[in-house]
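1. Need coordinates for the following:
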Amino acid sequence: MGLGTKEDCYKAFECYQKAIEANEDNIVAWENLGWCYQYAIGIEKDKEKAFECFQKAKEIEKKEEAALRKGCYPYNTVIVKLDVDKIFQRYKKIVKVDVNNIDALLGLAECYAEGIGTEKNRNNAFKCFKKAVKVDEICAEAWSLLGFCYSCGIGTEEDEKKGNFCKKKAVELDKDSEIAWLALITTG
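-> Next comes the predicted model:
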């Protein structure tokens, strides 16, 4: 269910597209549009388009920490020529050495959620997302992903109230992409 609005996956998809039209460098909108294609949210499932969206988001991302994610596209299960075992092991090693490394925690969570280099383990993914918001309370991405877990019952019992709380927190932290976050909220 949406927050203050009726859930509408098709409208969410349209909002992501509009967010990209308004700002082609909107990483969140590109990633969420990829999510839509990846999981058939408001559009037919299309892994190639999902890959293109994640790749576009990757190109835009300019943080130095993005090097940790080199070749590991968020939420993407399409075949990429990588040694995925090494990606998973690298994140695990970084988290073991630095339990407060937000990028490694998110990367590890993504690996668990999608089975990248390991068996899918949604419970461990949820734990990593939960740890990520404790480590970096101002990371909108971590709050959004934790909200998604709560809303969809990924690795935890479905809890719409907690999901909406997390998504609201993400919106508060990332006002530059309100259209994209509004779409995320309406997907419940």
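2. how many neighbours does residue 153 have?
-> Using other CB atoms under 10 Å, residue 153 is surrounded by 14 other residues. In this view, the C-beta of every residue, glycine as well, is placed from N, C-alpha and C.
3. got the contact list for the closest residue to it other than its chain neighbours?
-> Leaving aside its chain neighbours, residue 153 sits nearest to residue 159 (8.0 Å; criterion: CB to CB, 6 or more residues apart in numbering). Shown in contact with residue 159 (CB atoms under 8 Å, 6 or more residues apart in numbering): 150, 151, 153.
4. Now the residues you listed in a markdown table, please, with extra columns for distance to residue 59 and secondary structure.
-> As requested, these are exported to a markdown table (distance: CB to CB, whole Å; DSSP: H, G, I helix; E, B strand; the rest coil):
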| residue | distance to residue 59 | secondary structure |
| --- | --- | --- |
| 150 | 30 | helix |
| 151 | 29 | helix |
| 153 | 33 | coil |
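5. which residues of this structure score low on pLDDT?
-> Applying pLDDT under 70 to the chain flags the ranges 1-8, 61-85, 175-188.
6. Can you classify the most centrally placed residue in it as helix, strand or coil?
-> Centroid-nearest residue in the chain: residue 145, 5.1 Å away (criterion: CA atoms, centre = their mean). Secondary structure, DSSP: H, G, I helix; E, B strand; the rest coil: residue 145 is helix.
7. who touches it in this structure?
-> 106, 109, 129, 132.
8. and the last one, what helix or strand is that in?
-> Secondary structure assigned from DSSP states H and E places residue 132 in helix 122-135.
9. In that helix, which residues are buried?
-> 122, 124, 125, 126, 127, 128, 129, 130, 131, 132, 133, 135 (16 or more other CB atoms under 10 Å).
10. What of stretch 102-118?
-> 102-114, 116-118.
11. Could you tell me which of those residues belong to strands?
-> Of the positions in the buried residues of stretch 102-118, not one sits in strands, assigned by DSSP state E.
12. Looking at the residues you listed, which are in helices?
-> 102-114 (DSSP state H).
13. In JSON lines, list these along with distance to residue 53.
-> As requested, those are exported to JSON lines (distance: CB to CB, whole Å):
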{"residue": "102", "distance to residue 53": "22"}
{"residue": "103", "distance to residue 53": "20"}
{"residue": "104", "distance to residue 53": "23"}
{"residue": "105", "distance to residue 53": "23"}
{"residue": "106", "distance to residue 53": "18"}
{"residue": "107", "distance to residue 53": "18"}
{"residue": "108", "distance to residue 53": "22"}
{"residue": "109", "distance to residue 53": "19"}
{"residue": "110", "distance to residue 53": "15"}
{"residue": "111", "distance to residue 53": "19"}
{"residue": "112", "distance to residue 53": "22"}
{"residue": "113", "distance to residue 53": "17"}
{"residue": "114", "distance to residue 53": "15"}
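14. Great, nothing more from me.
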